[in-house]
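> What follows is a predicted structure for the sequence shown.
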Amino acid sequence: MSEKEEKVIKVSELDPNFKYEIQKEAGGENITRCFACGSCTAACPVREVNEKYNPRKIIRMALLGMKERVLSSDFIWLCSSCYTCYERCPQDVKITELMNAMKNIAVKEGYIHPSFVAQMEVLNSHGRLYEIGDFDNKKRIKVGLPQIEESAEDTKKLFKQEGVDKLIE
Amino acid sequence: MKYALFLGCTVPVRALNYEISARKVANKLNIELVDINDFSCCGFPIKSVDRETFLLMAAKNLSLAEEKGLDICSLCSACCSVLTEANKELKEDEDLRKRINKELSVLGRKYEGKIKVKHFTRILYEDIGLDKIRENLKVDLSKFKFAAHYGCHYLKPSEIYEGFDDPENPKTLDELIEVTGARSIPYEDKKGCCGGGILGIDEITALKVAKNKLDHVKSAEADAICLICPFCSIMYEGSQKKIERQFEAEYNLPVLYYPQILGLALGIPQEELGFKVNRIKPREILAKL
């Protein structure tokens, strides 16, 4: 797609139900309250250094129904979860949780970001984001800290029950 | 005063100096920290993937502390935030609680909503208090200037923290620094995020976010940046050399955890506060003591 074509919004490709789908997802309830003031984008520490992430634009795209473009994008994953926009939004759109809702939908549609697959693999094998092996425990004991016996059993069971284990197969 | 110590994933592997100094300070101020070996990841990373699974992971950890009848003390701000969020939501929403408990039964566990979750820094500020800290001071730190970094999840989202501090104009960490005699210096964009949340997604963007803070702290001529979250340290200390290389900058900025600073002021010997684990050695600070 050329840059010019990318900027064209085709009404025939819009899904007017996308915003309602988002509203049904936990965290996405308030999306239609957005009146596009841009307080979120102005406050965003990620937007400050990378123009690819623009919360006002993402919300606008979602409200217009640009479902595929939003869900398959890499930009929805760029929210750093700092909650600055969440605190400042005059319409209580709860943007940080809205981004999580859109990410959750993207996952269900098959667009999980590879870094989360990697994190889930570690959690499924160790129950923690960092493995605590013998080496780490020796280091802990040496500095006077108690040993930790990691166990992945609970996490593994929960992943399986919720069906998210399929994301890492 | 007794709490279940929730270490989370990052602290016990990547922030031993934080854990060491927090345990020493707690001991000095009569806060008993109980280890629960079955604690696992708080669920934070899974919020982006599947909210239900995140709630279950949080509920499992909460139920373990409930079983011991203990409130949770968290060293990591992200763990503190999501455990507090899940706890609030599960306490307030009966239908959700029933559903989560049904699913949690696969582990033979039940969430009952009987405990609170607090950040270690909040415990120092609220439960111990500045007066009690002042009474226990042994070493004057008035020659030092520290840059308080609140990070994000210690105070946000504010609706889960029952009015504790003000996310737009926070003061608790500044006051905790100043009670030691040290100065908590003002600097640009003090509330700025460390960028850690997207380190695994887009490293360069995350490093740029962290660089902003390092630039601001450096130009304010702080002796060190003062942290209360292990992931902020991964950005400011663990990635400082990388940021220097990537952006041709030079910082050599010591990164201290608040309990290391408080520990010094309480007269705990410096060799017991984990400074050896600090990657950017705070030599000048320790030499001036």
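Now that the structure is in, tell me what you want to look at.
> What are the structural domain limits within chain A?
As assigned by automatic domain parsing, chain A contains the domains A:10-108, A:114-168.
> can you put the ones you listed in CSV and add mean pLDDT and mean neighbour count?
(Glycine included, C-beta is placed from N, CA and C.) Below are these laid out as CSV (pLDDT from 0 to 100; neighbours: other CB atoms under 10 Å in any protein chain shown):
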stretch, mean pLDDT, mean neighbour count
domain A:10-108, 97, 19
domain A:114-168, 97, 16
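> mind putting those in TSV, distance to chain B included?
TSV is the format used below for these (distance: least, CB to the nearest CB, whole Å):
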stretch	distance to chain B
domain A:10-108	4
domain A:114-168	4
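> Against the centre of chain A, work out the most remote residue.
Distance from the C-alpha centroid of chain A, by CA atoms, centre = their mean, peaks at residue A:142 (38.2 Å).
> got a pLDDT number for the residue nearest the centre of chain B?
Geometric centre of chain B, nearest residue: residue B:229, 3.0 Å, by CA atoms, centre = their mean. On pLDDT, residue B:229 comes in at 98.
> same thing with the one 5 residues further on?
With respect to pLDDT, residue B:234 scores 98.
> Over to the one 5 residues further on?
What the model reports as pLDDT for residue B:239 is 98.
> that older thread, now do the same contact list for the residue nearest to the residue nearest to the centre of chain B when sequence neighbours are not counted.
Closest residue to residue B:229 apart from its sequence neighbours, by CB to CB, 6 or more residues apart in numbering or on different chains: residue B:77 at 3.9 Å. Contacts for residue B:77 were tallied using CB atoms under 8 Å, 6 or more residues apart in numbering or on different chains; they are B:119, B:151, B:152, B:153, B:154, B:228, B:229, B:231, B:232.
> Mind doing that once more with 10 Å?
Residue B:77 sits next to B:8, B:119-121, B:150-156, B:227-232 when contact means CB atoms under 10 Å, 6 or more residues apart in numbering or on different chains.
> Please apply the same query to residue A:143.
B:16, B:17, B:19, B:20, B:272, B:274, B:276, B:277.
> With residue B:2 instead?
Going by CB under 10 Å, 6+ apart, residue B:2 touches B:30, B:31, B:32, B:33, B:34, B:68, B:69, B:70, B:71, B:73.
> Could you do residue A:113 as well?
With CB under 10 Å, 6+ apart, residue A:113 has these contacts: A:74, A:76, A:77, A:78, A:103, A:106, A:107, A:119, B:48, B:49, B:200, B:201.
> quick one: which of these sit in helices?
Mapping the contacts of residue A:113 onto helices (DSSP state H) picks out A:103, A:106, A:107, A:119.
> How about the first one, nearest residue that isn't a chain neighbour?
If you skip the residues right next to it in sequence, residue A:103 has residue B:48 as its closest partner in space, 4.6 Å away by CB to CB, 6+ apart.
> my read: that neighbour touches residue A:80, true?
No. Using CB atoms under 10 Å as the test, residue B:48 is too far from residue A:80 to be in contact (11.3 Å).
> what about the strands in the stretch 51-200 of chain B?
Per DSSP state E, counting those that start in this stretch, the stretch 51-200 of chain B has strands spanning B:71-74, B:117-119, B:145-148, B:183-184. These are given in chain order.
> The shortest one pairs with which strands, parallel or anti?
Paired with strand B:183-184 in the same sheet, following DSSP bridges, are strand B:145-148 (parallel).
> With mean pLDDT added, can I get the strands of the stretch 51-200 of chain B in CSV?
Shown next, in CSV, are the strands of the stretch 51-200 of chain B (pLDDT from 0 to 100):
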stretch, mean pLDDT
strand B:71-74, 98
strand B:117-119, 98
strand B:145-148, 98
strand B:183-184, 98
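> Minimum distance to residue A:62: which of those strands has it?
Of all the strands of the stretch 51-200 of chain B, strand B:117-119 sits nearest to residue A:62, with 32.0 Å by CB to CB.
> neighbouring strands for that closest one, and are they parallel or not?
Strand B:117-119 sits in its sheet next to strand B:71-74 (parallel), going by DSSP bridges.
> And residue B:3, which helix or strand is it part of?
Element membership for residue B:3, per DSSP states H and E: strand B:2-6.
> Just the buried positions in that strand, please.
For strand B:2-6, a neighbour-count test (16 or more other CB atoms under 10 Å in any protein chain shown) marks B:3, B:4, B:5, B:6 as buried.
> now the contacts of residue B:2: which count as buried?
Among these, the ones that count as buried by 16+ other CB under 10 Å are B:31, B:33, B:70, B:71, B:73.
> Could you verify my assumption that the first one touches residue B:70?
No. Contact between residue B:31 and residue B:70 fails when scored by CB under 10 Å: they sit 11.8 Å apart.
> Name the residues contacting each of the two.
Residues touching both residue B:31 and residue B:70 (CB under 10 Å, 6+ apart) are B:2, B:3, B:5.
> so who does the closest residue to the second one other than its chain neighbours touch?
By the measure of CB to CB, 6+ apart, the closest residue to residue B:3 outside its immediate chain neighbours is residue B:73, 3.7 Å from it. Residue B:73 makes contact with B:1-7, B:22, B:26, B:31-34, B:65, B:80, B:116-120, B:122-123, B:127 under the criterion CB under 10 Å, 6+ apart.
> same deal with residue B:268?
If you count contacts by CB under 10 Å, 6+ apart, then residue B:268 has B:21, B:24, B:25, B:27, B:28, B:138, B:139, B:259, B:260, B:262 around it.
> Thanks a lot, see you next time.
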